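S.K.: fold the following, please.
(one chain, ligands or ions: 1)
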Amino acid sequence: MTRISFNELNLIEPILTSLKAAKYSTPTPIQAEAIPHLLGGGDLLGCAQTGTGKTAAFALPILQRLHLSKTRAKKHGTRALVLTPTRELAVQIHENFKAYGSQLKLRYSVIYGGVSQVPQVKKLSGGVDVIIATPGRLLDLMQQKKVVLDDVEIMVMDEADRMLDMGFIRDVKKIVAKIPADRQTLLFSATMPTEVASLADSLLKNPKKIHVNPVASTADLIDDHVLFVDRDQKRALLVEIFREHQVTSAIVFTRTKHRANRLAKELSEKKIPAVAIHGNKSQNARQKALNDFSAGEVKVLVATDIVSRGIDVDGISHVINFELPNEPESYVHRIGRTARAGTAGVAISFCDQEEIEQLADIEKFIKRKIEVLETHSHHNPKIAERFASQIERKGSAPRRKQPQRRGGNSRRRPSSSRGRSSAGRGNYSGRRSANA
Ligand code: AMP
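M.R.: Numbering: from 1, shown residues only. Sure thing, here's the model as predicted:
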């Protein structure tokens, strides 16, 4: 199949120049489909997540429309608003707008909580062209009249499913109520549960629907393995993996903040520079950790699931699941941190005797077996056997490479059943935010 080029998408020269600078040669599928439609002013419902190139899919047409329309936002106003659930994503999207729009005279502003509002308010006072915001702080600034949304021409709701999982729905509705109805609206979501579908119904007018399956496509580039190992051997195994493998930069996932802190400390003591990143760290600490990691100053990020979707750093060679996630979907998000933008990556999961249920749920969810590193010196065949008999009891996962996405009418199971059944899906924010 021949892929089209950015030149064929009716993008203006200054934007094409910045894409060249970013070394993007061809549009990703979502970009090829979304950009022409969005340049025409239509609404969009995108079933896609990070890793697909969705940020450029919405940012490029927004930049072009704002550049060509030449209206100006009034004081404290903005012409485009991007709502996104986490600070990390907000910062990343802001960086993308700055890069893609580097040749344009537009102003971009990022708003999120956990830091002083003063610089954010200062930047907004003269009006900007694009605000990228998390809902809580935006609403706060709106209530203080530091932000006015009367001039918004384009609104993007990013990661809508996660926004709802994180309990932002009321804030989002209050924000949307202040935006003119006569606007272009885009909604992106990795999954499409009924709550998101009905939100999309209420926000979008005759939207174009685009569905891309990044998880499936990136999974093809990720070499993922599992090691059955005794819990008390996991630390030694981790250090050994760093010594055995060509680990240039890695994310190690734990289930709790406490363990992330401890592990980062222990790795650093073993001369493997590591830093922990999780929901308890201040925004500045989180950003610094990410910056140091991107710059290669620390080799390892020890993270909890709260950041598994937000981290977009190129060249992560390894993802290590020191502990398996309780929610199978998190596995896919975690391993998706490697093999970004078409490069290959390795994921290794440590499974101890207490985690065989989680592993069974993961394999069921991704609809394939994860290769077992049976020859490794830390491999414990007893745990492998226990896992095999568990699978036999429950019925094995089919061998297919494509994970299935959640359908349009899927329902969340009550939290009491989360992570137990082999169908194991559902609202994973509750448990995750409790300890991430
Ligand atoms: P996103 O899904 O927007 O988070 O993008 C995932 C990664 O792909 C980011 O690192 C982008 O910089 C990169 N990317 C986006 N579009 C392209 C493209 N057309 N060619 C190469 N890399 C891209």
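
S.K.: partner residues bridging V319?
M.R.: Applying DSSP bridges to V319 yields these beta-bridge partners: I251, A347.

S.K.: residues in contact with it?
M.R.: Contact analysis of V319 by C-beta atoms under 8 Å, 6 or more residues apart in numbering lists 222, 250-251, 253, 334-335, 337-338, 345-348. Bear in mind the C-beta positions are built from the backbone N, C-alpha and C, glycine included.

S.K.: now it: how far from the ligand?
M.R.: Taking C-beta to the nearest ligand atom, to the nearest Å as the measure, V319 and the ligand are separated by 16 Å.

S.K.: now the contacts of V319 in TSV, with neighbour count, pLDDT and distance to the ligand?
M.R.: Compiled in TSV, the contacts of V319 are given as follows (neighbours: other C-beta atoms under 10 Å; pLDDT from 0 to 100; distance: C-beta to the nearest ligand atom, whole Å):
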residue	neighbour count	pLDDT	distance to the ligand
I222	17	78	15
A250	28	91	18
I251	25	92	15
F253	31	95	19
R334	24	85	15
I335	29	86	15
R337	28	79	11
T338	26	77	12
G345	21	80	13
V346	21	87	19
A347	25	91	17
I348	24	94	23
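
S.K.: nearest to G41 among the residues you listed?
M.R.: Within these, distances to G41 taken as C-beta to C-beta reach their minimum at R337, with 34.7 Å.

S.K.: hang on, the earlier thing: distance to D129 for the contacts of V319 - can I get that in JSON lines?
M.R.: What follows is those, written out as JSON lines (distance: C-beta to C-beta, whole Å):
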{"residue": "I222", "distance to D129": "37"}
{"residue": "A250", "distance to D129": "38"}
{"residue": "I251", "distance to D129": "34"}
{"residue": "F253", "distance to D129": "37"}
{"residue": "R334", "distance to D129": "35"}
{"residue": "I335", "distance to D129": "36"}
{"residue": "R337", "distance to D129": "31"}
{"residue": "T338", "distance to D129": "34"}
{"residue": "G345", "distance to D129": "36"}
{"residue": "V346", "distance to D129": "41"}
{"residue": "A347", "distance to D129": "39"}
{"residue": "I348", "distance to D129": "44"}
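
S.K.: among these, find me the one that's closest to T78.
M.R.: R337 (30.9 Å).

S.K.: touching, the closest one and I251? I think so.
M.R.: Yes - when contacts are counted by C-beta atoms under 8 Å, R337 is listed as touching I251 (5.2 Å).

S.K.: the closest residue to P273 other than its chain neighbours: neighbour count?
M.R.: Of all residues not flanking P273 in the chain, V298 sits nearest, at 4.6 Å (C-beta to C-beta, 6 or more residues apart in numbering). Residue neighbour count, defined by other C-beta atoms under 10 Å, stands at 22 for V298.

S.K.: what's the neighbour count on Q287?
M.R.: 16.

S.K.: what sits against it?
M.R.: When contacts are counted by C-beta under 8 Å, 6+ apart, Q287 touches 87-88, 91.

S.K.: where does it fall, secondary structure wise?
M.R.: Mapping Q287 onto the secondary structure by DSSP states H and E places it in helix 283-294.

S.K.: what about that helix and the ligand, touching?
M.R.: No - counting by C-beta under 6 Å from any ligand atom, the ligand is not contacted by helix 283-294; separation bottoms out at 11.0 Å.

S.K.: pull out the buried residues from that helix.
M.R.: Neighbour-count burial for helix 283-294, with 16 or more other C-beta atoms under 10 Å as criterion, is recorded at 286-290, 293-294.

S.K.: want to throw those residues into TSV with pLDDT and distance to F322?
M.R.: Shown next, in TSV, are the buried residues of helix 283-294 (pLDDT from 0 to 100; distance: C-beta to C-beta, whole Å):
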residue	pLDDT	distance to F322
R286	81	19
Q287	81	23
K288	85	22
A289	85	17
L290	83	19
F293	85	17
S294	83	21
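
S.K.: which of these lies closest to the ligand?
M.R.: Of all these, the ligand sits closest to S294, with 11.0 Å by C-beta to the nearest ligand atom.

S.K.: separation between the closest one and E88?
M.R.: 12 Å (C-beta to C-beta, to the nearest Å).

S.K.: and V128, by the same measure?
M.R.: The spacing between V128 and E88, counted by C-beta to C-beta, is 21 Å.

S.K.: leaving out sequence neighbours, find the closest residue to K299.
M.R.: On the basis of C-beta to C-beta, 6+ apart, the spatially nearest residue to K299 that is not a chain neighbour turns out to be P273, at 5.2 Å.

S.K.: output whichever strand or helix holds L141 as PDB - backbone C-alpha positions only.
M.R.: Under the criterion DSSP H and E, the helix or strand holding L141 is helix 135-143. As requested, C-alpha coordinates have been extracted for helix 135-143 and formatted as PDB (Å, rounded to 0.1, in the frame of the first residue of the first chain):
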ATOM      1  CA  PRO A 135     -10.000  20.300  33.800                       C
ATOM      2  CA  GLY A 136      -9.600  21.000  37.500                       C
ATOM      3  CA  ARG A 137      -7.200  24.000  37.200                       C
ATOM      4  CA  LEU A 138      -9.000  25.300  34.100                       C
ATOM      5  CA  LEU A 139     -12.300  25.400  36.000                       C
ATOM      6  CA  ASP A 140     -10.600  27.000  38.900                       C
ATOM      7  CA  LEU A 141      -9.200  29.800  36.700                       C
ATOM      8  CA  MET A 142     -12.500  30.200  34.900                       C
ATOM      9  CA  GLN A 143     -14.200  30.700  38.300                       C
END
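
S.K.: okay, buried residues for that helix please.
M.R.: Buried residues in helix 135-143, counting neighbours by 16+ other C-beta under 10 Å, are found at 135-139, 141-142.

S.K.: how far does it sit from the chain's center?
M.R.: Between the mean C-alpha point of helix 135-143 and the mean C-alpha point of its chain there is a distance of 22 Å (C-alpha atoms, centre = their mean, to the nearest Å).

S.K.: could you name the helices and strands sitting against it?
M.R.: Applying 3 or more C-beta pairs under 8 Å, 6 or more residues apart in numbering; DSSP states H and E, one finds that helix 135-143 makes contact with strand 108-111, helix 118-124, helix 169-177.

S.K.: circling back: and which of the buried residues of helix 135-143 is nearest the ligand?
M.R.: Taking C-beta to the nearest ligand atom as the measure, the ligand sits nearest to P135 out of those, at 19.6 Å.

S.K.: up against the ligand, what does the stretch 1-150 of the chain have?
M.R.: On the criterion C-beta under 6 Å from any ligand atom, the ligand has as its neighbours in the stretch 1-150 of the chain the residues 24, 27-28, 31, 50-56.
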